[in-house]
Structure formats: C-alpha cells, structure tokens
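Asker: I'd like to go over a predicted model; first the sequence, then the structure.
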Amino acid sequence: MSTLPQETSTLVNMAVSQINAGIVILDEHSNIVLWNRFMEIHSGIKSSEAVGNSLFELFPETAGSGIEKKIKSVFLLKNLAFTSWEYRPYLFKFPNPRSVMGGEKYMLQDCTFSPMTDESGKVTHICLSVFDATNTASFQQKLLRTSASLIKQRNKLSALNRKLEEAQNQLLQSEKMAAIGQLAAGVAHEINNPIGYVNSNVSSLEGYISEMLKLLSAYEECDSLLDHNHELAQPLKQAKNDVDLEYLKEDLTDLISESKEGLVRVKRIVQDLKDFSHVDECEWQATDIHQGIDSTINVVNNEIKYKAEVVKNYAELPLVTCLSSQINQVIMNLLINAAHAIEEHGIITITTGTEENGIWLEIEDTGSGIPEEKIGRIFEPFFTTKPVGSGTGLGLSLSYNIIQKHKGKISVESELGKGTKFHIWLPIDAGITHDLDTGASTIQAKTN
Amino acid sequence: MINSILVVDDSKMSRKLIIRSMPEEWDVPIYQAANGIEALEIFHEKKPDVVFLDLTMPELDGFGVLEALQKENNKVPVIVISADVQTQAYERAITLGAKAFIQKPLSGDDVKKVVQELRLL
Amino acid sequence: MIKLNEKFNEDRRDALQEVVNIAMGQAGDSMAKLFDTFVELSIPKFHVSNIDQLRESLAGKEEYREKMTVLRQPFSGELEGEGITLFNTSGTHELATLMGYEGEITLNNEREMILDVCSILVGACLNGIASQLDMSVSYTAPSVVVANTGIADFFTAGSTNWSYALVMEIRLTLEQHSFSSNMLLFLAEDSFEPLIQRLDILLDEL
C-alpha cells in the first residue's frame, strides 16, 4: 500500500464519510474500527459510540447466524463474503426511510465483506459495505408477483386447453362409438329377420325330417317281405348302398342339431351386439354389471380367445345405476388392452366386489406390465404404449372420462414383466345426480 | 556423503524447481521420476542417498513410496515436498518415515534450510 | 481447437497443473481451518472445451445425473470467468453447524449457506491460482441459477456467451460429514493470453 498525498487522503476520508452506502471496518476480533456517516444516520449510533465495540455485542441479532464464519473465511481465505436481501433481508435492522409511502418496514440490504491486507499479504481488517437494496428488492418482488400471477394464468389456460382437447377427443370417440353402435344395431336388425325365418324353417325341417325318418323305418321293416328276386330288388339294394343310408340318418340328426346350436349362437351374438350398443337405451338405468361384462367378453372374444384364458371371480353385486353402454365400453377397452399386453398366452382375471356404497371391479392380466415412467401418463389422450398404428391412445383416456362422469375412480397398478391391474370403483347411485356433471374423480397410478 | 539424488514429482516444472533450489555443493547425478512406481525402480537401481518426494501423483503416490521403503527397512532420508499441506498429510508422511516436510510452493531457501538441518551436506 | 492445444502445450499444461495443485492444497488447508475438519479437494484435471463437448462430458458422468442446485459466481480482472458450484442439497443440514448457524434452518438460511460455500470454494481456489501467477481477480456476489435440475440441462447452446473455455472440475468433500460439492471453474477465452504469458514467466525462471 502506498501512502496517499495529504490532499487525496482527505478526499478519500470525505468519500468514505459521504458515500451513500454503509462502510464498516472490522479488525480480526470483529471490533469496529470505522463506522461511516451512512451507518450513523441509519443506526442512530454515533461513530464515537460504535468504534472499539464488537459488532456482535452492538448487534447481538447478527451472532449465531453464519456471520462469524463469513468473517473467518475472509481472514483465512482472503475471499469475499456476501449477504443478499433475498435470503437475509437485512444484516442491520435499520428502519426503511421510505416508510412514509408504505412498503417494507426495514431497509433491505446487500452486504459485502472484503479483505484488507497489509504489505505482506496478510488480512488485517475487513471492510464491510452495506447497500440499501429496498428499491431494487421491491421492484423485484413486484416482478415476481406479476410473473407468478402470469404463470398461474398460463397454467389455468393450459388446463382449460387440455380440457377442451379432452372434450374434443371424447366427442370424437363417442361419435365413433355411436356410429359403431348404430351400425351394430342395424346389422343386428338385418340379421334378425333372416335368422328368424331360418330358425323357424330349421325347426320345421327338424319335424319333417323326423317324420320322414319314421316313415323310412316303417319301410325298412317291410324289407323282409320283399321278393329279393324281383327285378326291382337289385336296383333298390344298389341305391341303398350308394347313399349309405345308415350314415345319412345319423348325420341328418346331427346336422339339424348343430345348425340349431349355431342359430342360438348367432341369436346370442345379435343380442349382445344390441346390448352392447344399447342404441335403444342411452339412459341412466339400474344395470347388472356382470351381464355387461359377459356380453362384452362375447363381443371381443375374438381378440381374446387366442391370447388368454378369462377367469371370473364374481361376487354378488347390486344393480348399479349407470350408462351401461359406456361402462361396457370401458370394460371392452380394458379387456382389449389386457389381451394386447399378453405376449404369448396368459390369464385375464376379472374380480368384482362391493365397497362403500359402490361396487368395484378389477381386470388383471399377466402381461408385460407398464414401465414406471409411463404409468403416470396412461390416462392422457393420445398416449399409447402400443406400436404406431395399433392404438389410438384414446381408449384409457375415454375410459377415465367415462368413470369420471360416473363419479367413480379408476386406478392402475403395474409391475414390469408381471402384469397390470386396473381397479374401477363405481357408486351405486351416481345416476341420481348425473346431471351435475362436476363430480371430481381421481387418478391413482403406482408401480411396484 | 551424497553421491546421487532422486527427485520424484509428476510435474516437470516442479522437478526443475526442486533441482534449482538444491545447494550448489551438490555436484552429483540427479535422477528424476514422474510417479511412485518409476521412483521405486530407479531407487533400487541407482541407490540414491537422498530422495525428494511429492505426495499426490498418479500410479503410486508418495505415501505408497514411503510405505514401500519402510517395508524394506530402508533408512534413506526422504524429504517430502507437497502441495497437500493439511495436518493429516504431514502427520501421515512423518509417521511413514519422512525426515522433513516442505510445503509447496517452494520459496527461497526452503530446500537448503532443510538439507542443512538434516546435516546432509 | 488445434490452435488452442498448441497454445496450451505440454510445458504450459504441466506448469498450470502444478499451479492448480498447489492452489488446491492451500485452499484445502484454509478450508480445513475454517471448518475444523479434514477437507478433501480432488486434484482437478482441466481441459479446453466448447459447450457441446462440455455437455457431453458432463452428461456421461454419474455424479452429474442427480438433481442439483446450481450456483454461479462470476469473477473478473486478469482472470475472467465463472465458478459454477453444484450442490446436492440433501447434505446441507450438517453444513449448517459447520457454517455457524444456530436454531432452525430455513430455506433462506440454506440458500445463503450454499452461496457462502460457493463463494469460499471459488475464492479459495482462484485466489491460490491468481497469487501464484501474480494476477488480479475480483468477485461478484454469487447467485442461485437453478434449483433441482440436472446439470446437463443447464449447459444448453445459447445459454453461455463463450465458445471455448478452460474448464476445471474440482470436487470438495468434508471428512466425517456427508457433505460434498462439485465445482466447475471456467476461464473465459479472454483470459487465455494473459494466463499463458504468466505461465511462460514461471517457466522462464527455471
């Protein structure tokens, strides 16, 4: 350090005194060596009262809050130490001089502890500078508040957007389902007519054939009476052998009964299609959930039967007021997903039960499971784990919305390599208040 | 009587600095090694009468060299010159048989003073 | 890059490494006295790197994959650049005692504390380098850049205004305390020339 000419030195002293910031010089025992005018004015403590006293005795609230270490680090490491109003609003509790206009009660401060070294480079003193940050701070806080409210608004908007998107997807999907339903109903109706007369014809046919066979037996009983040397006897025998009459009689009966069985199945599928689409009953009504599950299994049986065995553990369930076609749709989605998750062959277990004024059903597969990072998103629209083109990514989102509409809950548990379990809970009487379409439902997802 | 010297440090600059700060009286061969393994090889081949040893080095560090020499019951004076100046490092080096510990950066007559104290001239 | 590797030739690299090692030794010693515990500072390896190389190298390291609080402290003068300090905040409660905080630790206390450690770490390491090379350096207050993010996300193109920097990675561990922190010291391209000049002075003195 070089000594300054007398005049400069006076100017420096004046600057230290007049500068619009607090300047405090501390020795190695944290005793105050210099206390400038800014400090005098804001603390109300005169320089003559401050100098010679320990900082921590004069301002006990600064002790035990990391300041000692800051000072020690400056002495040891010759580095700078700081306090910022953001994390420590003030080091010295000075009243805010702007309190006339309101705002902060105390002056917010940014402080810097700088090392002062002697010629050998050893730190002998610390220069503590205190800057009034109240203005900057209040601007910043205003800014923070504004940006927080902007973020809140943005989040609100994006939530709204998401809802809109969901609604649109649902609309799209329900349009599609309605179209499929109508188609199914149309097809069912068209099939019903021919099946009706085929059915009645087959019944008549069955009667006629049985009569004919009776007659034939009667004729056969007369066979012994025939003259075997008669010129017509030989062609008759030949004809009997050619048609293999014994087989024919047996097979005729089988054909008829198989045809009847086939007809019963066709009728049941037609009925299931009608049940499933429910074009005729799009209303809230008391529904047997098991019947819904069964008819849905029949409709999607083609997708499932080569992949999995379906095991049913049905409990006794009360009738549930719901939009049965929509609940069937949910069940169908879950069944198809379960089948797709199974790579070779597995088991799909359907379990039902009652709980808290409601019923629950679980569809569990022994498939590949859902990775942890994806499980939180499976109810999002357009989110799919299936290969491109195999899934729309709408099935589960739609299912979620349907369950939400029923004021129910849908949750999923999954373990990679073990399988996935969907759990649905439905209130028995959601339909009573179904027009208040605000019921909150919850998504829960977890992996094991 | 000093007939040869071994300087071990992974930094070429540091080796040069150590060599430059040795007493002028030592007009003897000086061998250099850049890690502990090299150091032990040269040590066994050349049998130097004093070793200047850095602590933090790749392959085998200075503590490893000290341990090896201690196992062989070798009493060659080892002077550690290290940037790791925490008490733990100093105590460990002395326990492992180092005769002196000089802190980096080397200044002035650090090396000469220690050499005199250890009566190696 | 070829030019830069020429600039930082073997002798200069060797000299810089030694200067840095000595600085770390001194920093470790001072910090041990400050915290009254054994302090381990890893010996930094430095490399000249551009932003893509840096991000790639950071993303490849296990310790940078955790979520961390990132602090920065700019420094200027003949040595110019920034110290980026990374904290895994789970260890900061123990730090409170070491840093002389009494009573309950609020989030603000915790922030100030890690800012202090950042400032101590950057200051201790740089002061050691600067004083050996007789270069001046001054510091700006450190600040929290991001809380709880992966470091690789932090270094994205356009987020910094340097094309090349001399990067040093230093790891600080406090013995008997679960606290550790990583620091990346960046020397800006503008510091390369003065740094090389000072290294040459050191080398010429040999």
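Answerer: Done, it's in. Numbers count the residues shown, from 1 in each chain, chains lettered A, B, ... in the order given.
Asker: List the buried residues of stretch A:56-68.
Answerer: A:F56, A:L58, A:F59, A:T62, A:A63, A:S65, A:G66, A:I67, A:E68 (16 or more other Cβ atoms under 10 Å in any protein chain shown). (C-beta placed from N, C-alpha, C; glycine too.)
Asker: just stretch C:19-36 next, same as before
Answerer: Neighbour-count burial for stretch C:19-36, counted by 16+ other Cβ under 10 Å, picks out C:19-35.
Asker: Kindly report the same for stretch B:65-74.
Answerer: B:V65, B:L66, B:A68, B:L69.
Asker: you'd agree the second one is in a helix?
Answerer: It refers to B:L66. Yes. Looking at B:L66 with DSSP: H, G, I helix; E, B strand; the rest coil, it is inside a helix.
Asker: if I look at it, how far off is C:S42?
Answerer: 22 Å (Cβ to Cβ, to the nearest Å).
Asker: show me the contacts for the residue in chain B that chain C sits nearest to.
Answerer: Going by Cβ to the nearest Cβ, chain C is nearest to B:A83 of chain B, at 3.4 Å. Residues counted as contacts of B:A83 (Cβ atoms under 8 Å, 6 or more residues apart in numbering or on different chains) are B:L55, B:T56, B:Q103, B:K104, B:P105, C:E18, C:N21, C:I22, C:M24, C:G25, C:Q26.
Asker: Quick check: of those residues, which lies closest to A:T349?
Answerer: Proximity of these to A:T349 (Cβ to Cβ) peaks at C:M24, which lies at 62.9 Å.
Asker: Can you name the residues that contact the closest one?
Answerer: By Cβ under 8 Å, 6+ apart, the contact set of C:M24 is B:A83, C:L41, C:I43, C:P44, C:C125, C:G128, C:I170.
Asker: likewise B:D61?
Answerer: B:G36, B:L55.
Asker: where's it relative to chain A, distance?
Answerer: 26 Å (Cβ to the nearest Cβ, to the nearest Å).
Asker: next one: phi and psi at that residue?
Answerer: Here is the backbone geometry of B:D61 (degrees, to the nearest 10): phi -90, psi 180.
Asker: which residues of chain B fall in helices?
Answerer: Counting by DSSP state H, chain B has these helices, from start to end: B:12-20, B:36-46, B:62-71, B:87-95, B:110-117.
Asker: can you list the residues of chain B near chain C?
Answerer: Residues of chain B that fall close to chain C, judged by Cβ under 8 Å from any Cβ of the partner chain: B:11-14, B:16-17, B:20, B:56, B:82-88, B:103-105.
Asker: these two touch, right, A:Q18 and A:E40?
Answerer: No. The criterion here is Cβ atoms under 8 Å, and A:Q18 misses it with A:E40 at 11.9 Å.
Asker: circling back: once you drop chain neighbours, what's closest to the residue of chain B closest to chain C?
Answerer: Closest residue in space to B:A83, ignoring its immediate chain neighbours: C:G25 at 3.4 Å, by Cβ to Cβ, 6 or more residues apart in numbering or on different chains.
Asker: And the pLDDT at that neighbour?
Answerer: C:G25 is assigned a pLDDT of 89 by the prediction.
Asker: residues touching it, list them.
Answerer: B:S82, B:A83, B:D84, B:V85, B:Q86, B:Q103, B:K104, C:G128.
Asker: Distance check, the third one against chain A.
Answerer: Between B:D84 and chain A the computed distance is 17 Å (Cβ to the nearest Cβ).
Asker: same check, this time on the last one
Answerer: Distance of C:G128 to chain A, given as Cβ to the nearest Cβ: 9 Å.
Asker: before we move on, the earlier item: out of A:Q18 and A:E40, which sits in the more crowded spot?
Answerer: Neighbour count, other Cβ atoms under 10 Å in any protein chain shown: between A:Q18 and A:E40, A:E40 has more, with 17 against 10.
Asker: Around residue 6, how many other residues sit close by?
Answerer: All of this refers to chain A. Residues near A:Q6, counting by other Cβ under 10 Å, number 8.
Asker: look at chain B instead
Answerer: If we define neighbours as other Cβ under 10 Å, then B:L6 has 25 of them.
Asker: Please apply the same query to A:T134.
Answerer: Neighbour count for A:T134, taken as other Cβ under 10 Å: 22.
Asker: next one: B:P77
Answerer: B:P77 has 19 neighbours, counted by other Cβ under 10 Å.
Asker: One more: C:V145?
Answerer: As a measure of burial, C:V145 has 14 neighbours, counting by other Cβ under 10 Å.
Asker: how close does the residue of chain C most remote from its centre get to C:N109?
Answerer: Most distant from the centre of chain C: C:G103, at 30.1 Å, with distances by Cα atoms, centre = their mean. C:G103 is 9 Å from C:N109, where distance means Cβ to Cβ.
Asker: sorry, back to before: which pLDDT value does the model give the closest residue in space to the residue farthest from the centre of chain C that isn't next to it in sequence?
Answerer: Distances taken as Cβ to Cβ, 6+ apart place A:G64 nearest to C:G103, at 7.4 Å, with adjacent residues excluded. pLDDT, A:G64: 80.
Asker: Same check on B:E24?
Answerer: 88.
Asker: Near C:Y64, how many other residues are there?
Answerer: Neighbour count of C:Y64, defined by other Cβ under 10 Å: 19.
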